[in-house]
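Chemist: what shape does this take:
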Amino acid sequence: MIKNLIPVLFFGLWSASCSDTGSASSNLSEQKPQPKAHMAAQNEAAEQADFDLDYLMGHFDPAQHPDFTKISSPYSDRADMYLRRDAYEAFKSMHAAALKEGISLKIISAARNFEVQKGIWEAKWNGSRILSNGENAAKAYPVAKNRAIKIMEYSAMPGASRHHWGTDIDLNNLSDKWFLQGEGQKIYDWLIKNAGNFGFCQPYSVKNEERPHGYNEEKWHWSYMPVSQKLTTFARNQMKDKLITGFSGAETATEIGVVEKYVLGISQKCQ
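Modeler: Numbering: from 1, shown residues only. All right, here's what the predicted structure looks like:
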């Protein structure tokens, strides 16, 4: 992997909300200074950080990286997940605010490096892991490009996942339908209204004219923008489809245009 180091420059305090409403609920108004102050401190620390293509594409072990920490109970549903320290601290503040309104946020997936993502991808590629619609991709899509596109409705190619960055988390449930009623709807409504106050944004919003390409909508996937926005810019400037290699089906990345359509195919609010 060719190193291509560039400094990540943070442009002051992250204050813009990525929610649809642009403001927190009334009973969170007194808490706004807390996440802003927290994020200012995290941004100051992150000014010293460097990112390179190995980091961007997940070629490292989060358990050994100094900027990562293990996620503990009650914030996750298992004990073997890692996240960037700045993203984790922001999530803990958001978790505490949500609990005050009877909302329980639980991280069910966090940082995944290249090898972990490769395992997920290749299991779907060879059919040993069935797709969410019940299909065996290896049998249903014999043409490589079509198979890759089908898998990428919800799963990223290794090297092209935001989960490599340690900024992105999956919350509570991996089904959009779950977030359309009951507890799931309450959680999603709260996130839409308040997550932006803690620096989080939903990158995979509904696909429409504004976001015509990329993964399907994921109501569970939230990104810590004070860091991920800079990594998105880095990907736009430095990442090429030809660098996405080392797994079954990688040859389709250039044909599909994975960087432009998938890595950069996120909500405009999260750019």
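Chemist: for this structure, what helix or strand is lowest in average pLDDT?
Modeler: The helix or strand of the chain with the poorest confidence is strand 6-7; it has a mean of 37 (mean pLDDT, DSSP states H and E).
Chemist: all strands of the protein, in order?
Modeler: Taking DSSP state E to define them, one finds strands in the chain at 6-7, 50-51, 68-70, 82-84, 107-109, 168-171, 200-201, 221-224.
Chemist: would you turn these into JSON lines with mean neighbour count and distance to residue 234?
Modeler: C-betas here are computed from N, CA, C, even on glycine. Listed next are the strands of the chain as JSON lines, based on neighbours: other C-beta atoms under 10 Å; distance: least, C-beta to C-beta, whole Å:
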{"stretch": "strand 6-7", "mean neighbour count": "12", "distance to residue 234": "7"}
{"stretch": "strand 50-51", "mean neighbour count": "14", "distance to residue 234": "6"}
{"stretch": "strand 68-70", "mean neighbour count": "17", "distance to residue 234": "18"}
{"stretch": "strand 82-84", "mean neighbour count": "24", "distance to residue 234": "15"}
{"stretch": "strand 107-109", "mean neighbour count": "18", "distance to residue 234": "23"}
{"stretch": "strand 168-171", "mean neighbour count": "24", "distance to residue 234": "15"}
{"stretch": "strand 200-201", "mean neighbour count": "26", "distance to residue 234": "17"}
{"stretch": "strand 221-224", "mean neighbour count": "27", "distance to residue 234": "14"}
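Chemist: which of those sits closest to residue 152?
Modeler: Nearest to residue 152, of all the strands of the chain, is strand 221-224, at 14.0 Å by C-beta to C-beta.
Chemist: name the residues that touch that closest one?
Modeler: The contact list for strand 221-224, computed with C-beta atoms under 8 Å, 6 or more residues apart in numbering, reads 84, 86-87, 90-91, 162, 167-171, 191, 195, 199-204, 270.
Chemist: quick one: mean pLDDT over it.
Modeler: Strand 221-224 comes out with an average pLDDT of 98.
Chemist: could you do stretch 139-156 as well?
Modeler: Summarised as a single mean, pLDDT over stretch 139-156 is 98.
Chemist: thinking residue 227 is in contact with residue 88, fair?
Modeler: No. In terms of C-beta atoms under 8 Å, residue 227 does not count as a neighbour of residue 88; the distance is 11.3 Å.
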